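S.K.: After the sequence you'll find the predicted model.
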Amino acid sequence: MTGRQAGDRNRNAASSVTVVNPLPATLAHYQLEMLSTLGDLGRTAEHPHPSIEGRSVLGKLAVIFGSLFWRLLRTGKGNTLLVVWPVFGYFDALTWWWAARRNTVVLIVHDVTPLRPQFGYSSFAHKAFRFAVRRCRITVVCHTAAAAAELQQLTGVVATLASHPVMASGRSRPQSSSVVRVLGQYKTARDLTVLAHLGAKGAPDAGYTWEIHGRGWPAVDGWTTQEGFIEEAAFDTLVSGSACVVIPYTKFYQSGVIIRCLENLTPVVAVAHPQVDDLFGEDWPGVVRGEDWRAAVERATAVPSADRAAALASARDRARSEWAAVVGPTNSTSVAGAAGRRDAG
């Protein structure tokens with residue numbers, strides 16, 4: 001190898017971003033969205049990573065320290081490592097201590113405070129997180145201002161804001177649909193009263209059919225429930241085949257379902273939320289004002305597809321711009337990045 005070839009390879013490696021995904025099944029689509037966004041900047045490289053899903057804490061530690069951590073130590077220095085999920089909650093920053101001394105580590109925090117108790121979210125973990133982030137200069141990213149504000153309140157760490165990555169699915173929508181759906185696992189933050197109101201018999205519904213797809217849902221009057229985990233291949237089909245998707249949350253930082261709807265040009269109905277404003281616009285007709293959930297469904301399904309396509313284009317532009325500020329753009333795509341996209345697609 002000539003000196004020039006070696007220099008080109010080093011520059012290519014430096015221009016790539018290693019996307020570290022310890023939940024390859026759960027976050028498969030999120031990873032594709034991230035690779036798509038970074039790919040537009042010429043900054044992609046997918047790192048092989050063993051799954052920690054379904055493992056005990058000791059099993060997760062074995063994966064992190066016995067496989068991933070060792071390989072990253074051998075990559076040298078000057079790399080950008082993008083960690084899409086903190087395996088050990090706020091303690092996860094400590095596992096990147098050594099790598100962050102030699103590389104740029106970007107750690108995405110999705111759920112600042114999980115809806116149910118989990119390892120790594122105690123007050124001691126908050127302090128450990130603050131210490132590791134400040135000492136090693138780890139870059140922490142949140143997708144919404146609300147999440148960043150709560151993170152700062154809990155840990156004292158100021159996060160960088162970067163939009164949830166967005167991609168275009170390329171799936172064509174049916175010509176028409178009368179099915180209104182709720183998608184995803186049931187959690188206590190789901191508002192069953194809202195759904196019962198929507199599905200109430202005798203109320204004017206313009207001929208809609210009401211469906212719930214996901215795990216753990218109780219019976220809801222007026223709705224047909226399909227119990228079970230939604231496979232990745234079926235998710236986009238359900239989204240794109242919906243007249244609209246209802247987001248019956250009382251609290252959330254950001255919703256991956258809302259992103260999937262935007263990518264498939266499917267209208268959403270939700271309470272006022274910064275993520276809806278950012279993605280669909282502050283005047284989005286599907287935003288619920290007061291108790292008019294049915295009226296919001298009617299308004300959302302009437303939005304022309306051209307307007308939804310414009311919202312998608314705007315969201316993609318914003319995501320590219322904000323992630324360029326995090327990882328930096330480059331003028332050319334590296335060989336490693338191209339290989340990463342082939343592996344992902």
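M.R.: Received, thanks. Numbers count the residues shown, from 1 in each chain.
S.K.: Sketch out the low-pLDDT regions of the stretch 151-300 of the chain for me.
M.R.: Low-confidence segments of the stretch 151-300 of the chain (pLDDT under 70): 169-176, 201-206.
S.K.: what sits up against the longest helix along the chain?
M.R.: Secondary structure assigned by DSSP state H gives helix 305-327 as the longest helix of the chain. Residues outside helix 305-327 that contact it (CB atoms under 8 Å, 6 or more residues apart in numbering): 17, 37-38, 40-41, 43, 80, 82, 106, 139, 141, 160-168, 173, 262-263, 265-267, 278-281, 284. For glycine as for every other residue, the C-beta is placed from the backbone atoms N, C-alpha and C.
S.K.: go again using 6 Å as the cut-off
M.R.: With CB atoms under 6 Å, 6 or more residues apart in numbering as the test, helix 305-327 has contacts from 17, 37, 40-41, 43, 80, 160, 162-163, 165-166, 262, 265, 279-280.
S.K.: where do the strands sit along the stretch 201-345 of the chain?
M.R.: 209-214, 224-227, 244-246, 268-271, 287-288 (DSSP state E, counting those that start in this stretch).
S.K.: Indicate which one of the ones you listed is closest to Leu238.
M.R.: Of all the strands of the stretch 201-345 of the chain, it is strand 209-214 that lies closest to Leu238, at 5.9 Å by CB to CB.
S.K.: Would you mind writing the CA trace of that closest one as CSV?
M.R.: The C-alpha trace of strand 209-214 is given here as CSV (Å, rounded to 0.1, in the frame of the first residue of the first chain):
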residue,chain,number,x,y,z
THR,A,209,-63.2,1.3,11.6
TRP,A,210,-61.2,1.4,14.8
GLU,A,211,-58.2,-1.0,15.4
ILE,A,212,-55.5,-1.5,18.0
HIS,A,213,-52.4,-3.5,17.3
GLY,A,214,-49.8,-4.3,20.0
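S.K.: quick one, domains of this structure?
M.R.: 3-167+317-344, 179-263+268-302 (automatic domain parsing).
S.K.: start to end distance for the shortest one?
M.R.: Taking CA to CA, to the nearest Å, the first and last residues of domain 179-263+268-302 lie 14 Å apart.
S.K.: go on, stretch 100-111?
M.R.: End-to-end distance of stretch 100-111: 22 Å, with CA to CA as the criterion.
S.K.: Buried residues of that stretch, list them for me.
M.R.: 100, 103-110 (16 or more other CB atoms under 10 Å).
S.K.: Kindly indicate which of those residues lies nearest Arg135.
M.R.: For the buried residues of stretch 100-111, the nearest to Arg135 is Ala100 (8.8 Å; CB to CB).
S.K.: Tell me how far the closest one lies from Tyr90.
M.R.: 15 Å (CB to CB, to the nearest Å).
S.K.: next one: Phe124
M.R.: Distance from Phe124 to Tyr90, by CB to CB: 9 Å.
S.K.: quick one, which of those two is more surrounded?
M.R.: Neighbours were tallied for Phe124 and for Tyr90 using other CB atoms under 10 Å; the higher tally belongs to Tyr90 (28 against 11).
S.K.: residues in contact with that one?
M.R.: Contacts of Tyr90 (CB under 6 Å, 6+ apart): 120, 125-126, 129.
S.K.: Would you point out the most distant pair within those residues?
M.R.: Gly120 and His126 (9.8 Å).
S.K.: And the closest residue to Arg102 other than its chain neighbours, which helix or strand is it part of?
M.R.: Nearest non-adjacent residue to Arg102, counting by CB to CB, 6 or more residues apart in numbering: Lys77, 3.7 Å away. Under DSSP states H and E, no helix or strand contains Lys77.
S.K.: and what of the one 5 residues further on?
M.R.: Secondary structure here is read from DSSP H and E; on that basis Leu82 sits in strand 80-83.
S.K.: got the contact list for Val141?
M.R.: Remark: with contacts taken as CB under 6 Å, 6+ apart, Val141 is in contact with 106, 108, 160, 162.
S.K.: make it 7 Å
M.R.: 106, 108, 159-160, 162, 326 (CB atoms under 7 Å, 6 or more residues apart in numbering).
S.K.: closest to Arg116 among those residues?
M.R.: Ile108 (20.0 Å).
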